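K.L.:
Kindly return the folded structure for what I paste below:
(2 chains)
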Protein chains: 2
Amino acid sequence: MTQASHPGVSLGQVETRRVVLFTEDDPLVLESGERLAPVEVAYETYGERNADGSNAVFICHALTGDANAAGHHGNPDRPGWWDNIIGPGRPVDTDRFFVVCPNLLGGCQGTTGPSSIDPATGRPYGLRFPLFSIADLVTVHRALAAHLEVPRPLAVMGGSLGGMQALQWALDHPDDLGAALIIASSARLTAQNIAFNEVARRAIVTDPEFRDGEYHEHGQPKYGLSLARMIAHITYLSEEAMRAKFGRRFQDSPVARRGFDIDFQVESYLAHQGESFLNRFDALSYLYLTRCMDYFDPFADEADAVRRLHECRARFLLVSFDTDWRFDTRHSKQILRVLQAAHRQVSFREISSAWGHDSFLLEIPEYHRTIHGFLHQLANGNGQQNGVIHR
Amino acid sequence: MTQASHPGVSLGQVETRRVVLFTEDDPLVLESGERLAPVEVAYETYGERNADGSNAVFICHALTGDANAAGHHGNPDRPGWWDNIIGPGRPVDTDRFFVVCPNLLGGCQGTTGPSSIDPATGRPYGLRFPLFSIADLVTVHRALAAHLEVPRPLAVMGGSLGGMQALQWALDHPDDLGAALIIASSARLTAQNIAFNEVARRAIVTDPEFRDGEYHEHGQPKYGLSLARMIAHITYLSEEAMRAKFGRRFQDSPVARRGFDIDFQVESYLAHQGESFLNRFDALSYLYLTRCMDYFDPFADEADAVRRLHECRARFLLVSFDTDWRFDTRHSKQILRVLQAAHRQVSFREISSAWGHDSFLLEIPEYHRTIHGFLHQLANGNGQQNGVIHR
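P.N.:
Reported below is the predicted structural model:
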């Protein structure tokens, strides 16, 4: 591709709306058979819906995201988590697309989750909140799409856990999306991925302040939740990126102060990440959403997955980043292999970037050009070449 | 090399001895200038010392090792941590060599460390124990060697933190060793290495049971110390090894039980590693020894290191393992580069092994043949070829 990058502009101020999508009379029926109600969803939309809702791009967020994908809530210096990719003239062009981003089921930024009030007790659900699956996240997304009169989004897209939702949507409702953009994602966590998730959860549940999930009157299990975030951040950056960003440099002094306090810059970075997380994320949501990822395995019965995907008219874009060691390119190639076995239209691109898993959140020109090109070809209806694979 | 592997036999029952090497009248003077006394050292020896002690092989253990490197303490099923490499007919052949292995300064298996009694207070040192360096570990090792009438060991060897001590010995006392065997080690932790150490330490110190290091009357900070060990174990195994060993298999059932209890086999493995660690390792030792590794940077002034190594008559063997991502081959190559700049005799070997950092503890035929060949050539005095590099 040769077109220039698409910096575009930011959306400016936006706001989160809320809607109750499932009620006692019409509860959310989970994949497990359990029922949950009410389910309220916080979401944002950007751009204008066209007459039949066919210009909708549905954004699925990653583990700790929220509905504020783009624009800001009053402070332009604190834009949404994917503001660099969504906006007028940006790769997800709000001059052309109607962009929808909800907070996930089980989350903690406005959508019903384990720290929401359980109507049966008047107290937060805690660990009584039902375990849910990626398919359940998609069920709620589709209820929101229906509410917004979007019967078939042009595209469903997301990075990491977000990409899992796009893949599940294509598997469960193969006719009900135009394309799935699956970025830095996976169809199956490895033992090492699960190990990191498990250590993070242990940090949370063994913090005495977790109180078996009944911490709401006392405050979060701050040490455990910070540790979970610090562990995760090690896996989000490549070794090379950490080397370039921090190396062995010291924080407040050109030489080592030598002690157990924060001394190396990388320690200060992790401490900051751990601490700032406490203000915006909930410990129970962390448990539920990581566990949801662990159990995700849509190709466990691969023949069945191939059969289901065979019916799917959607196009697929797979993107991986060469230094991502949380979900390395092999994860994307596994998805590619199954989609090809089902004779789907797949574009696959491994992007070179120093920044590891975090890359999917960054403004990397080749990556943004790829997203822009794919979405605009899709909207122009001229992206029908089969199996174009860029490596 | 074409010779067969050397399985040899186990030493059988052995015992740990103890000796006070530094006293109030003759204290250990640390690199920082601080003084410490008494310093008692627990150690084991295997094989017979020859007349001038020139057949000694000095073993430096890694982060959580102890003096029981080989043989057993009554239960043959629980041999020492390096029993597969040390013994009659084994690569470190006790029919030929006098093998010495002490517990490290700062450790918790008989050598003075932060949970030892401070004679000034009659209570454990806790965080009043002085911070020490790899050079200080070597100072204590050399005092033990002198006590055992070993003025110049034939070889000093160790894996991981153990290799750092061998390198430091060569830098600080270039005439006082015949060879340094530096295995799966590093001359400089990366930002990512430090990050993992720091998260492990945070897990310990933020456990309320840590009590600012005054936990001795109450028991260890068990949750924090277990977490530290779980995090470390993720880095000891390669991703591939975890995949082969556990994959996504479940623990007690062919299918997922779906919940927050241990379900995947890899979770059970980590929980076991975390729990069993509590019975054998001390939380304060973990803090001190990891911090000692973070600050190790003997090539910070590289010109000075080259100058010092230029005086060194020792031979060097560097071994790395191709799937070790804690200290990957680049760490060994950095040491190689500096040794070559100093025109030292270096053999370097990258061994192929699926098992990651743990490989240095395993019986891998090519690895054991390399150690055997190097030590026996050294002892035969016919290992004088310069700069033989195997890749």
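
K.L.:
Can you tell me which residues in the stretch 101-250 of chain A are near chain B?
P.N.:
A:127, A:131, A:188-192, A:194-196, A:198-199, A:201-203, A:205-208, A:223, A:226-227, A:230-231, A:234, A:237, A:239, A:242-243, A:245-248 (Cβ under 8 Å from any Cβ of the partner chain). C-beta coordinates here come from the backbone N, C-alpha and C atoms, glycine included.

K.L.:
Sort out for me which of those are in helices.
P.N.:
A:191-192, A:194-196, A:198-199, A:201-203, A:205, A:223, A:226-227, A:230-231, A:234, A:239, A:242-243, A:245 (DSSP state H).

K.L.:
What segments of the stretch 251-391 of chain A are strands?
P.N.:
Counting by DSSP state E, counting those that start in this stretch, the stretch 251-391 of chain A has strands at residues A:315-321, A:345-351.

K.L.:
Mind checking which of the residues of the stretch 101-250 of chain A next to chain B are buried?
P.N.:
With burial judged by 16 or more other Cβ atoms under 10 Å in any protein chain shown, the buried subset of those is A:127, A:131, A:188-192, A:194-196, A:198-199, A:201-203, A:205-207, A:223, A:226-227, A:230-231, A:234, A:237, A:239, A:242-243, A:245-246, A:248.

K.L.:
per-residue confidence at the residue sitting nearest the centre point of chain A?
P.N.:
For chain A, residue A:62 is the residue whose C-alpha lies nearest the centre (Cα atoms, centre = their mean; 1.7 Å). Each residue has a pLDDT score; the one for residue A:62 is 98.

K.L.:
same question, residue A:4
P.N.:
Note on residue A:4: pLDDT of 50.

K.L.:
ditto for residue A:381
P.N.:
Reported pLDDT for residue A:381: 88.

K.L.:
got a list of what the residue in the stretch 251-391 of chain A that chain B sits nearest to touches?
P.N.:
When Cβ to the nearest Cβ is the measure, the stretch 251-391 of chain A has its nearest residue to chain B at residue A:266, with 4.3 Å between them. Residues in contact with residue A:266 (Cβ atoms under 8 Å, 6 or more residues apart in numbering or on different chains) are A:242, A:245-246, B:191-192, B:194-195, B:198.

K.L.:
before we move on, what about residue A:13?
P.N.:
Taking Cβ under 8 Å, 6+ apart as the test, what residue A:13 contacts is A:71-74.

K.L.:
now swap in residue A:311 and tell me
P.N.:
A:174-175.

K.L.:
Please report how far it lies from residue B:179.
P.N.:
Look at residue A:311 and residue B:179: by Cβ to Cβ, to the nearest Å, they are 67 Å apart.

K.L.:
do residue A:346 as well
P.N.:
For residue A:346, the distance to residue B:179 equals 55 Å [Cβ to Cβ].

K.L.:
Mind checking which of the two has more residues around it?
P.N.:
residue B:179 (26 against 22; other Cβ atoms under 10 Å in any protein chain shown).

K.L.:
Show me where the stretch 101-250 of chain A has its strands.
P.N.:
A:117-118, A:123-124, A:155-159, A:179-183.

K.L.:
Same list (these) but as CSV, adding distance to residue A:144 and mean pLDDT.
P.N.:
What follows is the strands of the stretch 101-250 of chain A, written out as CSV (distance: least, Cβ to Cβ, whole Å; pLDDT from 0 to 100):
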stretch, distance to residue A:144, mean pLDDT
strand A:117-118, 21, 98
strand A:123-124, 23, 98
strand A:155-159, 12, 98
strand A:179-183, 17, 98
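
K.L.:
From chain B, how far out is the residue nearest to residue A:26 when sequence neighbours are not counted?
P.N.:
Spatial nearest neighbour of residue A:26, chain neighbours left out: residue A:37 (7.6 Å); criterion: Cβ to Cβ, 6 or more residues apart in numbering or on different chains. As judged by Cβ to the nearest Cβ, to the nearest Å, residue A:37 and chain B stand 21 Å apart.

K.L.:
residues touching residue A:79, list them.
P.N.:
A:10, A:70-72.

K.L.:
between the residues you listed, which has the most around it?
P.N.:
Compared across the contacts of residue A:79, residue A:70 has the highest neighbour count, 26 neighbours, by other Cβ under 10 Å.

K.L.:
Check the burial of the nearest residue to that residue once chain neighbours are set aside by counting its neighbours.
P.N.:
Leaving aside its sequence neighbours, residue A:70 sits nearest to residue A:86 (Cβ to Cβ, 6+ apart; 3.7 Å). A count of nearby residues for residue A:86, using other Cβ under 10 Å, gives 29.

K.L.:
contacting residues for residue A:86?
P.N.:
Contact analysis of residue A:86 by Cβ under 8 Å, 6+ apart lists A:11, A:46, A:59, A:69-70, A:80, A:92, A:94, A:99.

K.L.:
next one: residue A:325
P.N.:
Counted by Cβ under 8 Å, 6+ apart, residue A:325 has contacts A:235, A:238-239, A:356-357.

K.L.:
And for residue A:147?
P.N.:
Neighbouring residues of residue A:147 by Cβ under 8 Å, 6+ apart: A:19, A:21.

K.L.:
before we move on, back to that, looking at strand pairing, list the partners for the residue nearest to residue A:70.
P.N.:
The partner list for residue A:86 in beta bridges (DSSP bridges) reads residue A:92.

K.L.:
just how off-centre is stretch A:146-163 within its chain?
P.N.:
Centre-to-centre, stretch A:146-163 and its host chain are 12 Å apart (Cα atoms, centre = their mean, to the nearest Å).

K.L.:
Send me it as CSV with only the CA atoms.
P.N.:
The C-alpha coordinates for stretch A:146-163 follow below in CSV (Å, rounded to 0.1, in the frame of the first residue of the first chain):
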residue,chain,number,x,y,z
ALA,A,146,-30.3,-4.1,17.6
HIS,A,147,-31.1,-1.2,19.9
LEU,A,148,-29.2,1.1,17.6
GLU,A,149,-30.9,-0.4,14.6
VAL,A,150,-27.8,-1.9,13.2
PRO,A,151,-28.9,-5.3,12.0
ARG,A,152,-25.5,-6.1,10.3
PRO,A,153,-22.5,-4.0,11.1
LEU,A,154,-20.1,-3.3,8.2
ALA,A,155,-17.3,-4.4,10.5
VAL,A,156,-16.6,-5.7,14.0
MET,A,157,-13.1,-4.9,15.2
GLY,A,158,-10.9,-5.2,18.2
GLY,A,159,-7.5,-5.8,19.6
SER,A,160,-6.5,-8.6,22.0
LEU,A,161,-9.6,-9.6,23.9
GLY,A,162,-11.5,-7.3,21.4
GLY,A,163,-10.3,-9.5,18.5
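
K.L.:
re the thing from before, farthest-apart pair in the contacts of residue A:325, please.
P.N.:
A:239 and A:357 (12.0 Å; Cβ to Cβ).
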